[in-house]
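Trainee: pasting the sequence and the predicted model now:
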Amino acid sequence: MSGRAVSDQQLREDIVEVGRRLWTRGFVASNDGNISVRIGDDRVLMTPTAVSKGFMSADMMVVTDMDGTLVSGAPGRRPSSEILMHLVAYRQRPDVRAVVHAHPPLATGFAVAGIPLDRAVLAEVVTTLGSIPIAGYATPSTQELPDAVAPYVTAHDGLLLANHGALALGADLFAAYYKMETIEHFARISLVARQLGRENLLSRDEVDRLQGLRTRYGIASPAPICVEPDQRRPTGRDEGALLRAGATAPSAGRDDASCQVVFAPSTTGDRLVPDTSVAQGAATTTVGTGGEIRLTYAQLTALIDEAVKQVSEGLGLVR
Ligand code: 13P
């Protein structure tokens with residue numbers, strides 16, 4: 001869609017389609033979520049407040065100015081209650097032409113647990129989104145929310161909102177929507193890896209190479225990746241405790257405004273996270289030289305069965 005003029009009617013229908021996909025994929029429940037497109041220097045087309053995003057029609061959309069004042073809309077329709085969050089993204093990022101907010105359950109689970117998706121785990125995510133930090137908790141629909149996301153939107157296209165949901169920014173509507181899909185997919189894969197007890201990270205050198213691919217393939221990114229110096233990341237539980245203790249980010253001094261903080265070990269094989277698969281089988285598992293784990297076939301089968309069970313329960317596949 002980017003690079004060509006899209007009619008107002010087409011944009012309205014595209015918002016309807018993105019809302020339908022958000023609802024169909026379970027990224028929103030009830031009236032959750034909101035979607036907007038910047039249609040001019042001082043105009044934004046967006047979803048109205050308090051409607052199911054799965055069952056919208058093109059004529060429901062409203063137009064506002066960049067102060068959030070309603071310019072046009074069907075009688076009784078008012079802009080999304082989260083309009084201020086959308087506007088702060090447009091104000092700080094002229095390259096952003098669309099914003100999607102949703103509550104995808106796995107990504108929101110990470111946001112509730114206080115665990116950012118900022119480890120170098122998947123090459124494509126590192127290359128496209130970089131890191132997905134967590135903006136601090138803010139009461140929805142108040143000025144607190146744009147204030148909380150403002151420090152992150154200059155350098156990130158995807159972020160988690162503590163105890164709330166996720167936000168994706170894009171050069172067009174489907175670009176923003178696909179980023180929301182990537183955030184949730186990454187959260188799902190991260191959860192599975194953690195439930196399996198091991199998360200092998202890409203090395204810092206590999207992260208540098210992936211950053212180079214951005215240039216080679218012309219991948220637009222709001223900021224460079226900055227690899228954090230080697231340090232052991234707190235485990236998920238500790239990260240939650242840190243946030244509860246008032247820390248705004250799990251690593252003091254990280255700079256989320258000018259670059260995308262990605263955690264990666266300096267050499268392949270180093271770990272920034274503990275290998276919990278050893279702890280899970282502590283009674284009978286042995287750790288050999290070089291850190292490899294030795295399991296009997298029965299132990300391995302039991303571990304996999306347990307991990308699949310936990311993941312299935314976590315995903316709501318087993319009741
Ligand atoms: P609106 O219906 O006002 O857009 O709000 C939905 C929502 O998700 C609030 O966080």
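Mentor: Cool, got the structure.
Trainee: list the buried residues in the helix or strand hosting Thr301.
Mentor: Using DSSP states H and E, Thr301 sits in helix 297-314. Neighbour-count burial for helix 297-314 flags Gln299, Leu303, Ala307, Gln310, Val311, Gly314 (criterion: 16 or more other CB atoms under 10 Å). C-beta coordinates here come from the backbone N, C-alpha and C atoms, glycine included.
Trainee: what does stretch 205-222 give?
Mentor: Using 16+ other CB under 10 Å as the burial criterion, the residues of stretch 205-222 that qualify are Val207, Leu210, Gln211, Arg214, Ser221, Pro222.
Trainee: and the pLDDT at the last one?
Mentor: Each residue has a pLDDT score; the one for Pro222 is 95.
Trainee: test my guess that it contacts Asp157.
Mentor: Yes: with contacts counted by CB atoms under 8 Å, Pro222 reaches Asp157, the gap being 6.3 Å.
Trainee: quick one: the strands in the chain, in order.
Mentor: Under the criterion DSSP state E, the chain contains strands at 34-40, 43-46, 62-64, 70-72, 98-102, 134-135, 158-161, 165-170, 225-227, 260-262, 286-287, 293-294.
Trainee: dump those to CSV, plus mean neighbour count, mean pLDDT and distance to Ile83.
Mentor: Formatted as CSV, those follow (neighbours: other CB atoms under 10 Å; pLDDT from 0 to 100; distance: least, CB to CB, whole Å):
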stretch, mean neighbour count, mean pLDDT, distance to Ile83
strand 34-40, 23, 98, 8
strand 43-46, 22, 98, 7
strand 62-64, 20, 98, 6
strand 70-72, 13, 98, 10
strand 98-102, 31, 98, 10
strand 134-135, 28, 97, 17
strand 158-161, 28, 98, 15
strand 165-170, 27, 98, 13
strand 225-227, 20, 86, 31
strand 260-262, 24, 92, 26
strand 286-287, 12, 44, 54
strand 293-294, 14, 56, 51
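Trainee: dump those strands to a markdown table, plus distance to the ligand.
Mentor: Below are the strands of the chain laid out as a markdown table (distance: least, CB to the nearest ligand atom, whole Å):
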| stretch | distance to the ligand |
| --- | --- |
| strand 34-40 | 4 |
| strand 43-46 | 8 |
| strand 62-64 | 11 |
| strand 70-72 | 13 |
| strand 98-102 | 6 |
| strand 134-135 | 13 |
| strand 158-161 | 9 |
| strand 165-170 | 7 |
| strand 225-227 | 29 |
| strand 260-262 | 25 |
| strand 286-287 | 46 |
| strand 293-294 | 43 |
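Trainee: to Leu117, which of the ones you listed lies closest?
Mentor: strand 158-161 (7.0 Å; CB to CB).
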